[in-house]
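> predicted model and sequence below, questions to follow.
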Amino acid sequence: MTTLYKTIICPRCKEDYLFITMNNDTRQLYLRCSECMASWYSIENAKNNTDMFIDPNIDASDPTADEIKKYGWGEIVSGEVDVQQAQDG
């Protein structure tokens, strides 16, 4: 099971939350909507709907609670969603 950390409702599509995601290449956190794939590098930009990007080629993963706290993003978490991992085979 994986825990996803949600923040605010996506300002672009208003269909889902922005989840904290980690770029595996740069180790930078960003916010991504699982519905429309809109992404932002800060909560301020997301709230203002500025500097949005969409890059489906980013090698990304879901950071742990400890990683989120380490990067100082703990205060923007509004909740958690537990998801079951798909199994191969």
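Sure thing, it's come through. Just so you know, these numbers come straight off a predicted model, no measurement behind them. Residues are numbered from 1 along each chain as shown.
> phi, psi for Lys69 please.
For Lys69, the backbone dihedrals (degrees, to the nearest 10) come out as phi -70, psi -40.
> mind listing what the worst-scoring helix or strand of the chain on mean pLDDT pairs with, with the direction of each?
The helix or strand of the chain with the lowest confidence, counting by mean pLDDT, DSSP states H and E, is strand 79-83 at a mean of 93. Here strand 79-83 is paired, per DSSP bridges, with strand 2-9 (antiparallel).
> buried ones in the strand it pairs with?
Of the residues in strand 2-9, those buried by neighbour count under the rule 16 or more other CB atoms under 10 Å are 4-7. In this view, the C-beta of every residue, glycine as well, is placed from N, C-alpha and C.
> ok, so of these, who is nearest Glu80?
Top of the list for closeness to Glu80, among the buried residues of strand 2-9 and by CB to CB, is Tyr5 at 6.0 Å.
> who are the contact partners of the closest one?
Contacts for Tyr5 (CB atoms under 8 Å, 6 or more residues apart in numbering) come out as 19-20, 62-63, 65, 68, 77, 79-80.
> just Asp55 next, same as before
Ser39.
> can you check the pLDDT for it?
Here, the pLDDT recorded for Asp55 equals 92.
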